[in-house]
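Visitor: The amino acid sequence is not available; the structure is as follows:
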């Protein structure tokens, strides 16, 4: 076996050279083998990164919008030309198939492109003559050092929900990616340096709870952006706000797909399989609860089962439809939910616990799994499983299905499948969920809208990217101005330029 490579911090434009006191294992999930050791930051390393970021931000915030935009455009070009490299890193450390990894990077790229419009997004308002000889206008200014704590399931896309806007707005960034798949963010840091971003504006620290807790309490950190499970999101929100930080903490999900009797069942079955088993179900927007309004459940389950039989589980580089789960521990946790569903009386239609795979036997495999006759009191319905497990809940009416969705503790994403425009419009108005799809199973908004759920799926008031993201990474200021004498400069007949 070859020696595991070292993955370390990227601070002030360079990789960390000092040895680490603690490290973590990084696996290739399709092989079940350790392929790298990632350094875990001490409190002192975190403090150094924040100090560097704070100094760099003082200059970066004063860079013109023209200069910031030039760097953003250069970063966009580098990222777009080398996105396949990032996708391969994601597949090697997370396990998702290459096409899914490439799709992740492409969706993150959309936020970079949105941030390239920062001069327009930061425009304030102006009222001339609000009072005699007095003008009033508003401006938006950067926060300072913005910390990002990102999850394992989207090691490139989720960080890109935040840092392009934070940087474009004049902030600096300290990001702690998941220790399970940390390499993608390091490569992104290299792209920023190549694009001309000043050293210290984008910094990467690796680690575990020690690093997270220090970011939450550090007086030099202005904001925290987080995506992950609800218990940790709540912890991040409570401790971050307690320490005076602006926090957006996106939590867990139990996304429902309501299928009405008039729906195209072939379209609904395709959508259920795609949204339920893509990325091995390790998506906060995965469909894990299919709510079938009778009398269609039997026919719909048959169509889903037929499609599942053709899915290929295996190494993400080998033409498979679905890859492994990220770690053995997580695989075993998801498998325990399958066991629980059987114990609690759900009907196991397709059992993924012993799949035939195209990959090494040591990989962290769990095949697509389908339950029928699931009831609301079962743990497989109540809790977020975060794996390739789809549960079918049968209801007798639209009203019963809507009430079921609205009673759940999570309100991240949902979808309705129907050919009835009135029912769809009623659903989008009445459902208590933050992101809604109409005949769209994974309703992740485009970058110029904002991403985020309701209820226990979000802690904080601000969603990710879009205009809410711009507002999160800036502070508003209103200026009341009176000038008694006009001022003027010298003569210059040259065409004015932005610099």
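Guide: Alright, I've got the coordinates. Computed from a predicted model, the values in this text were never measured in an experiment. Numbers count the residues shown, from 1 in each chain.

Visitor: alpha carbons only for contacts and neighbour counts from here, please
Guide: Noted.

Visitor: so who does residue 350 touch?
Guide: By C-alpha atoms under 8 Å, 6 or more residues apart in numbering, the contact list for residue 350 reads 305, 368-371.

Visitor: again, 7 Å this time
Guide: Residue 350 makes contacts with 369-370, as judged by C-alpha atoms under 7 Å, 6 or more residues apart in numbering.

Visitor: Please apply the same query to residue 313.
Guide: 320-323, 357-358, 367.

Visitor: Pull out the buried members of these.
Guide: Neighbour-count burial (16 or more other C-alpha atoms under 10 Å) applied to these gives 320-323, 357-358, 367.

Visitor: Which strand or helix spans the residue sitting nearest the centre point of the chain?
Guide: Geometric centre of the chain, nearest residue: residue 158, 3.0 Å, by C-alpha atoms, centre = their mean. Take DSSP states H and E as the rule and residue 158 turns out to sit in helix 157-168.

Visitor: What helices and strands are in contact with that helix?
Guide: helix 98-115 (3 or more C-alpha pairs under 7 Å, 6 or more residues apart in numbering; DSSP states H and E).

Visitor: Excluding sequence neighbours, find me the nearest residue to the residue nearest to the centre of the chain.
Guide: residue 150 (6.6 Å; C-alpha to C-alpha, 6 or more residues apart in numbering).

Visitor: Could you check how far that neighbour is from residue 200?
Guide: Using C-alpha to C-alpha, to the nearest Å, residue 150 is found at 19 Å from residue 200.

Visitor: got it, and residue 441?
Guide: Applying C-alpha to C-alpha, the value for residue 441 to residue 200 is 40 Å.

Visitor: repeat for residue 172
Guide: In this view, residue 172 and residue 200 are 7 Å apart by C-alpha to C-alpha.

Visitor: Straight-line length of stretch 239-254, end to end?
Guide: 25 Å.

Visitor: quick one, domains of this protein?
Guide: The chain breaks down into these domains under automatic domain parsing: 5-251+457-479, 255-438.

Visitor: Compare those and give me the one nearest residue 446.
Guide: Residue 446 lies closest to domain 5-251+457-479 among the domains of the chain, at 7.5 Å (C-alpha to C-alpha).

Visitor: if we can go back for a sec, quick one: the buried ones among the contacts of residue 313 as CSV, columns for secondary structure and distance to residue 124 too.
Guide: Converted to CSV, those look like this (DSSP: H, G, I helix; E, B strand; the rest coil; distance: C-alpha to C-alpha, whole Å):
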residue, secondary structure, distance to residue 124
320, coil, 49
321, coil, 47
322, strand, 47
323, coil, 47
357, strand, 56
358, strand, 56
367, coil, 52
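
Visitor: closest to residue 63 among these?
Guide: Using C-alpha to C-alpha, those come closest to residue 63 at residue 323, 43.8 Å.

Visitor: wait, what's in contact with that closest one?
Guide: So residue 323 contacts 95-97, 279-280, 313-316 (C-alpha under 7 Å, 6+ apart).

Visitor: if we go to 6 Å?
Guide: Residues in contact with residue 323 (C-alpha atoms under 6 Å, 6 or more residues apart in numbering) are 95-97, 313-316.

Visitor: Okay, now the unreliable bits of this protein?
Guide: 1-2, 485-489, 498-499 (pLDDT under 70).

Visitor: Can you verify residue 415 is assigned to a strand?
Guide: Yes: applying DSSP: H, G, I helix; E, B strand; the rest coil, one finds residue 415 inside a strand.

Visitor: is it true that it touches residue 260?
Guide: No: using C-alpha atoms under 6 Å as the test, residue 415 is too far from residue 260 to be in contact (11.0 Å).

Visitor: Which parts of the stretch 151-300 of the chain are helices?
Guide: 157-168, 183-195, 209-217, 230-242, 265-277, 297-308 (DSSP state H, counting those that start in this stretch).

Visitor: I'd like to know which elements the last one is packed against.
Guide: Spelled out, that is helix 297-308. Helices and strands touching helix 297-308, by 3 or more C-alpha pairs under 6 Å, 6 or more residues apart in numbering; DSSP states H and E: there are none.

Visitor: which is the next helix or strand following that helix?
Guide: Assignment by DSSP H and E places the next element after helix 297-308 at strand 313-314.

Visitor: helix or strand right after that next one?
Guide: Assigned by DSSP H and E, the successor of strand 313-314 is helix 328-343.

Visitor: Other residues contacting that next one?
Guide: Applying C-alpha under 6 Å, 6+ apart, the external contacts of helix 328-343 come out as 325, 364, 380, 387.

Visitor: in it, what counts as buried?
Guide: In helix 328-343, counting by 16+ other C-alpha under 10 Å, buried: 328, 331-332, 334-335, 337-338, 341.

Visitor: and if you look at stretch 58-67?
Guide: 58, 60-61, 65, 67.

Visitor: quick one: secondary structure of residue 422?
Guide: Under three-state DSSP, the three-state class of residue 422 is helix.

Visitor: From residue 429, how far out is it?
Guide: 11 Å.

Visitor: cool, and residue 365?
Guide: Residue 365 is 40 Å from residue 429, by C-alpha to C-alpha.

Visitor: Of these two, which one has the most company?
Guide: Each of residue 365 and residue 429 has its neighbours counted (other C-alpha atoms under 10 Å); residue 365 has more, 33 against 11.

Visitor: thinking again about what came up before, quick one: which of the domains of the chain is nearest residue 493?
Guide: domain 5-251+457-479 (21.8 Å).

Visitor: From the chain's centre, how far out is the closest one? Work that out for me.
Guide: 11 Å (C-alpha atoms, centre = their mean, to the nearest Å).

Visitor: Next: stretch 3-18.
Guide: Distance, centroid of stretch 3-18 to centroid of chain: 24 Å (C-alpha atoms, centre = their mean).

Visitor: Quick one: end-to-end distance for that stretch.
Guide: One end of stretch 3-18 sits 19 Å from the other (C-alpha to C-alpha).

Visitor: buried residues in it?
Guide: For stretch 3-18, burial by neighbour count (16+ other C-alpha under 10 Å) applies to 7-13, 15-16.

Visitor: For residue 269, state which of those residues is nearest.
Guide: For these, the nearest to residue 269 is residue 7 (41.5 Å; C-alpha to C-alpha).

Visitor: the strands in the stretch 351-499 of the chain, which residues?
Guide: Under the criterion DSSP state E, counting those that start in this stretch, the stretch 351-499 of the chain contains strands at 357-358, 369-372, 389-395, 410-411, 413-417, 435-438, 454-455, 458-459, 474-481.

Visitor: re the thing from before, mind checking how far the residue nearest to the centre of the chain is from residue 201?
Guide: 19 Å.

Visitor: again, but for residue 169
Guide: If you go by C-alpha to C-alpha, the gap between residue 169 and residue 201 works out to 12 Å.

Visitor: for residue 104, same thing?
Guide: Residue 104 is 24 Å from residue 201, by C-alpha to C-alpha.

Visitor: Comparing the two, which shows the higher neighbour count?
Guide: Using other C-alpha under 10 Å as the criterion, residue 104 and residue 201 rank with residue 201 on top: 30 against 21.

Visitor: who's in contact with stretch 375-390?
Guide: Taking C-alpha under 6 Å, 6+ apart as the rule, stretch 375-390 contacts 254, 277, 280-282, 288, 334, 341, 368-370.

Visitor: Buried residues, it. List them.
Guide: 375, 379-381, 384-390.

Visitor: Over to stretch 139-159?
Guide: Result for stretch 139-159 [16+ other C-alpha under 10 Å]: buried residues 140-159.

Visitor: What lies in contact with it?
Guide: With C-alpha under 6 Å, 6+ apart as the criterion, stretch 139-159 contacts 54, 104-105, 108, 124, 169-178, 221-228, 282, 474-477.

Visitor: Alright, that wraps it up for me.
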